[in-house]
Every structure is written in structure tokens, then in C-alpha cells.
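>>> Got a predicted structure here, sequence first:
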Amino acid sequence: QMRRLRGQYDALQSRLDKLLDLFIDGKIKEEDHNRKLTEIKEKQQKINIELEGYTDADESYHITARTVLSLAQRAKELFESSEVEEKRQILSFVFQNLSIKEKRLQYSLRSPFDVISKVGNDSLLRGLDSNQ
């Protein structure tokens, strides 16, 4: 999407260059030049606003990803040093569908911890298996 927007912006910039050449060569009137200049600049401004939105969303995504990875890396330490209520919150944040079946803990990880666990970047539950 960003590539497409940048391509559109560059195409508009090329049109601006051609428009200026036409005006300098006297092939279009000043009023026509100014009208088209304003039209193209407005389109470029809209594209810039869209690109900024993608940039902000991308930055927010990376901040969230760093926070989640940091939590995953420090999960054991955070859990062990927490009070009972904090431990409940951590468990609720990481797990869903906690249950005990035939004296065995059953669980599923919430997103994105499920992906982190599968990828194995930082084994959140090193050595644990929902069927132990």
C-alpha cells in the first residue's frame, strides 16, 4: 500500500515537472498552470497524509511488538516477583481457557504469545506442554 502511494506521489511530481516545463515554454496560460498546480499539490497532500497514517501505525505496531517480546522474555521473572493479584493478571493476559482435566493443566495461549511460543524466539513455557 505504501509503495502504491509513493508511486502515485512520484507520478504527480512528474506531472508537476511537466506542467512547469509547459508553462515556461509558453504552451499553457498562467491561470491554467496555477489551477493544475493547485489540483496536483492537493492530491500530493492527501497522499502525504495517508503515508503518515501508515507510518504512525507501523511505529505503534513496533512499540507493541517490543513490549510483548519484553514481557515474554521476562515472564518468569515478573511472575515470580509478583503478588497474587498481579500473578492472576499475568496469567489472564498470557493464557486463555485454563482448566484442569484428569489432574493435568490444559491451556491455550493468547495471541501473540501463541505465535511467539511456536516460533520459539523465547520459549515462554520452556518445557511445558498443555498435555503434561
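Yes, it's here.
>>> Now tell me what touches stretch 75-82 from outside.
Outside stretch 75-82, the residues that touch it by CB atoms under 8 Å, 6 or more residues apart in numbering are 71, 87, 90, 94, 124. (Glycine included, C-beta is placed from N, CA and C.)
>>> Most neighbours out of those, which is it?
With neighbours taken as other CB atoms under 10 Å, the top of the contacts of stretch 75-82 is residue 94, carrying 21 neighbours.
>>> Please verify my assumption that that one contacts residue 112.
No - counting by CB atoms under 8 Å, residue 94 sits too far from residue 112 to count as a contact (10.3 Å).
>>> what helix or strand does the spatially most central residue of the chain sit in?
With distances taken as CA atoms, centre = their mean, residue 61 lies nearest the centre of the chain, 3.2 Å away. Taking DSSP states H and E as the definition, one finds residue 61 inside helix 30-80.
>>> just how off-centre is that helix within its chain?
8 Å (CA atoms, centre = their mean, to the nearest Å).
>>> counting contacts, what elements does the following helix or strand past that helix pack onto?
Counting by DSSP H and E, the next helix or strand C-terminal to helix 30-80 is helix 84-94. Judged by 3 or more CB pairs under 8 Å, 6 or more residues apart in numbering; DSSP states H and E, the packing partners of helix 84-94 are helix 30-80.
>>> where does the chain have low pLDDT?
116, 119-132 (pLDDT under 70).
>>> Could you report the separation of the most far-flung residue of it relative to its centre from residue 69?
No residue in the chain sits farther from the centre than residue 26, which is 47.8 Å out by CA atoms, centre = their mean. As judged by CB to CB, to the nearest Å, residue 26 and residue 69 stand 61 Å apart.
>>> Residue 36 too?
Taking CB to CB, one finds residue 36 at 49 Å from residue 69.
>>> more neighbours, these two?
residue 36 (17 against 14).
>>> what's near enough to touch the more buried one?
Going by CB under 8 Å, 6+ apart, the list of residues near residue 36 reads 19, 28.
>>> The same query, at a cut-off of 7 Å, please.
residue 19 (CB atoms under 7 Å, 6 or more residues apart in numbering).
>>> Does residue 108 belong to a helix, a strand or coil?
Secondary structure assignment for residue 108 (DSSP: H, G, I helix; E, B strand; the rest coil): strand.
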